[in-house]
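K.L.:
All I have is the shape, not the residue letters:
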């Protein structure tokens, strides 16, 4: 059965896509949950509008992510944390710490879920990766300093 997706369905497609699915899957899952509608000639025009809207939103999100990336890449974010005399942190730097420091130092809000931090447990220079869009990921330069 051909259906038009009304929402993003993991492993199946995005909003506005026309996909072939099993009849039972459509009747028992997609239709009752409102994730899809049957592909009819009138609905095909609606699907084209959904795809156009999705593409426009995607383009806007990509441009916003690129703007944020171009402003953050040259900057270095400083995070102060408690550390021992050997330079080992009492704890570690998390994605939340990085997001809070970026907001405090640059007024740019980044969701902590889009930041990937490799186990930072020492004082010094480190790098975190931010993925704001599926096509835009960039490094965030971090310097961890010991709290006085």
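P.N.:
That came through, no problem. Only a predicted model underlies this, so the values are computations on that prediction, with no experimental measurement involved.
K.L.:
what residues go with each domain of this protein?
P.N.:
Domain ranges of the chain: 2-61, 73-146, per automatic domain parsing.
K.L.:
which other helices and strands contact the longest helix belonging to the chain?
P.N.:
Assignment by DSSP state H gives helix 41-72 as the longest helix of the chain. If you count contacts as 3 or more CB pairs under 8 Å, 6 or more residues apart in numbering; DSSP states H and E, helix 41-72 packs onto strand 2-5, helix 95-106, strand 124-133, strand 136-146. All C-beta atoms are positioned from the backbone trio N, CA, C, and that covers glycine.
K.L.:
re earlier: out of the domains of the chain, the one nearest residue 67 is which?
P.N.:
domain 73-146 (9.6 Å; CB to CB).
K.L.:
Quick one: end-to-end distance for that closest one.
P.N.:
End-to-end distance of domain 73-146 (CA to CA, to the nearest Å): 23 Å.
K.L.:
And stretch 104-114, by the same measure?
P.N.:
Criterion CA to CA; first-to-last residue distance in stretch 104-114 is 17 Å.
K.L.:
chain center to that stretch: distance?
P.N.:
Chain-centre distance of stretch 104-114: 12 Å, with CA atoms, centre = their mean, to the nearest Å.
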